[in-house]
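Participant: my questions are about this predicted structure, shown below with the sequence.
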Amino acid sequence: MTLVFLMLAALLQAPQAQPPKEQPKGLMPSLGRPTKPDDVVPLLDFDQYFLGKWMFTADAPDSVLGPGGESSGTVTYRKLADGFYEAVTQGKSEAGAFTITESIAYNREQKVAFRHVTDSRGYTYAQMAEVGGNIGGDYRLFFKSAPFSYKGKQVRLNHTVYLAAPLTFRVDVEVAEGSGEFVHMSPWRYRRAP
Amino acid sequence: MNVRSTVVGLVGVVVLGGASAVSAQTPTFTKDVAPILYKNCSQCHRPNDVAPMPLMTYEQVRPWARSIKSKVLKKEMPPWGIGESTLKFSNDRQMSEKEIFTLVAWADAGAPKGDDRDLPAPPEYPGGWKFNREPDVVIKMPVEFTIEPRSEYPMLDFYVPVPWNDGMKLIQMSEARPSNKAVVHHITVSLVTFPPGTEVIDGQPFTTDASGKKVPLDRRTARITEQKLPGDLQIPREPGEKPDRLSSVGGFTTLLAYVAGRGFDDHPDGVGTPMLPGQYLNFNMHYTPTGRVEKDRSEVGLWFAKEPLKKFHFRTPINERQHVNGKIVRGAVPDAADVEAGRVSQGATATTISSFSGLPPIPPYAADFTVTSELAITQDITINGFYPHMHVRGKSAEYRVVFPDGKEQLLFEVPHYRFDWQERYVLSEALKIPKGSLLKYKAVFDNSANNPLNPNPDKEVYWSEQSWDEMSLGWIEYTLDKQRIPSRTERREQ
């Protein structure tokens, strides 16, 4: 018994062979020189950027969608087929746990995305997005929703996704009630899970 | 006692004190919270300003109560970058512990409104401008510009003639406002003088070539020279003294710069930028494409200094001698000769200076790339403000001075530089820097993947005004001790 324990302890203390970890890479093309105005902006590679697990935090105000407050959790992007993805968010907030399920379609050549979103807090909506970027690897997805109903009110949601860095992105959320103006909700901030 | 322990302690007192104590001590919006927000937050958190949500009325503030508590406890808001410092700043908007406690206690109590009669008058921003009165003059870009989806835009210049003809005005305050903040990386507003015969069409200067054909003007000739200033406004010089880096005309032809976190400049009474009939206002625009079609027509508001006029407002970056990670990379460039010869254009001073920099690229994944710059002080100056400028790899900044007796003093440090909130630090008391001193500016860049704003840690980073490249500019704002603008009477006599 003692021998087994000592062997286990020795194994635990021995340096573990770790595969070399690949350093994160940005979306900017490798030019080997400063950028120029006539450089061609590559199309966003959704797979390279999003696939995998991310952690998020948010700190929202009270709104037509319910009480605000801090929330956190994870979202996992999974590829279903070429150009089709699923994202599942598992979050918790002061009001309890919630799940957001997204079915996403991305047409790389047309620079558009579509998603159908079901939020366990009681609403479902569809959004389309223009997808744009610049030569610096700074891409954005401008999602706009069709009006949808929530607790008897008509709501619209805009999400602007800023791909700031290989390990972080930010989603700015705007909400409008009825035909009213869009109101800013504080951003959701994402960091790639280790 | 820190803020958290203060809050815990006071919450305990409130709980133990029972319901009557809660009602007596609970802060309300109208009486306690609104004055704090009006003083510290409203300049940005008001309709159509830089902050994404206004915080002026109870209805606007209440939904954010918990978020406000979180932000002020972490000291993320109001934003302020100064760490260790031997100076005091007039635009320091840090909240006191008492103010933070009041906001936290109010949020914890359910964000009560209170009695409307307690509500102080909200601060007024006539016309939406940051100052308490509308500008004397508002100048818009001559055209609305369309930003197409494309890789990048070079710096673009748009020119508007100075809209008065009754002599020099000293611009004491100015504010630049983009009409589309999503695409405007920067606006630099400066003054140029075109050669005779120049025609400006839709904001672009043209000249006539030898064949009589109208051709775009070479903008390197678009500049103001000191000789164009009326004699009584020229910088006083000793016999044989030539303009140097600190006193050349290039130092006082830039009005202001707009970037995230700044865009309004104010100077001490009687100090400002001279603006003359016949000059053109140059909107130097840096647009960053978003990937969709966008439009912008920025504008600038100007407030004139009142008599007595005292001095010109100068600014220059500290970048005569630069070291990278302790190794010198260049000598003194650009100098006054570059400015006077027009090799540094007045419309794009920062651009040209940075393109002259000769700094090596920042290597991939480098976490502490350090650029140290120096500026020899060749005449007595008085510093009124500072503006450190980097892009998304900017990590920290530090200003120091070595006095003629060799004594070195830390002026201030910015331990956590923020590209998304670039502050101009304005001194409460002006700082005298005698001739023979040396100013030092240290900028540290983080090109590692741990930098949450770094888009491309795997790439070498070059030096340019594109936000994915870098800049290392430690600006100072100052006046020349030897300058005195003649009084109105004296100017009339001449």
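Facilitator: In hand now; what should we look at? Numbering: from 1, shown residues only, chains lettered A, B, ... in the order given.

Participant: quick one: the helices in the chain?
Facilitator: I went with chain A, as the question did not name one. Taking DSSP state H, the helices of chain A run over residues A:2-13, A:46-50.

Participant: let me rephrase: I mean chain B.
Facilitator: Using DSSP H, helices in chain B cover B:3-25, B:34-40, B:58-61, B:65-73, B:97-108, B:336-340, B:349-355, B:488-493.

Participant: could you tell me the least trusted of the ones you listed?
Facilitator: Lowest mean pLDDT of those: helix B:349-355, a mean of 41.

Participant: just give me the lowest mean pLDDT stretch among the helices of chain A.
Facilitator: helix A:2-13 - the lowest mean pLDDT of the helices of chain A, at a mean of 55.

Participant: residue A:109 and residue A:44 touch, don't they?
Facilitator: No. Look at residue A:109 against residue A:44 with C-beta atoms under 8 Å: they stay out of range, at 10.9 Å. All C-beta atoms are positioned from the backbone trio N, CA, C, and that covers glycine.

Participant: looking at the two, which is more packed in?
Facilitator: For residue A:109 versus residue A:44, neighbours defined as other C-beta atoms under 10 Å in any protein chain shown are more numerous around residue A:44 (23 against 7).

Participant: right, and that one touches residue A:131 too?
Facilitator: Yes. The criterion here is C-beta under 8 Å, and residue A:44 meets it with residue A:131 at 5.6 Å.

Participant: what's the overlap in contacts for those two?
Facilitator: When C-beta atoms under 8 Å, 6 or more residues apart in numbering or on different chains defines a contact, the residues bordering residue A:44 and residue A:131 alike are A:106, A:111, A:139.

Participant: chain A contacts on the stretch 351-494 of chain B?
Facilitator: Counting by C-beta under 8 Å from any C-beta of the partner chain, the stretch 351-494 of chain B comes close to chain A at B:365, B:449-459, B:462, B:464, B:466-469.

Participant: from those, which would you call buried?
Facilitator: B:365, B:449, B:451, B:453-459, B:462, B:464, B:466-469 (16 or more other C-beta atoms under 10 Å in any protein chain shown).

Participant: list just the nearest of the residues you listed to residue B:153.
Facilitator: residue B:466 (9.1 Å; C-beta to C-beta).

Participant: got a pLDDT number for that closest one?
Facilitator: 87.

Participant: grab the nearest non-local neighbour of residue B:451.
Facilitator: Closest residue to residue B:451 apart from its sequence neighbours, by C-beta to C-beta, 6 or more residues apart in numbering or on different chains: residue B:393 at 6.4 Å.

Participant: for residue B:184, which residues make a bridge with it?
Facilitator: residue B:287 (DSSP bridges).

Participant: does it touch residue B:284 like I think?
Facilitator: No. Counting by C-beta under 8 Å, residue B:184 stays clear of residue B:284, with 11.4 Å between them.

Participant: which single residue of chain B ends up nearest chain A?
Facilitator: residue B:291 (1.0 Å; C-beta to the nearest C-beta).

Participant: ok, how many other residues are close to that residue?
Facilitator: Neighbours of residue B:291 using other C-beta under 10 Å come to 21.

Participant: likewise for the one 5 residues further on?
Facilitator: Using other C-beta under 10 Å as the criterion, residue B:296 is surrounded by 19 other residues.
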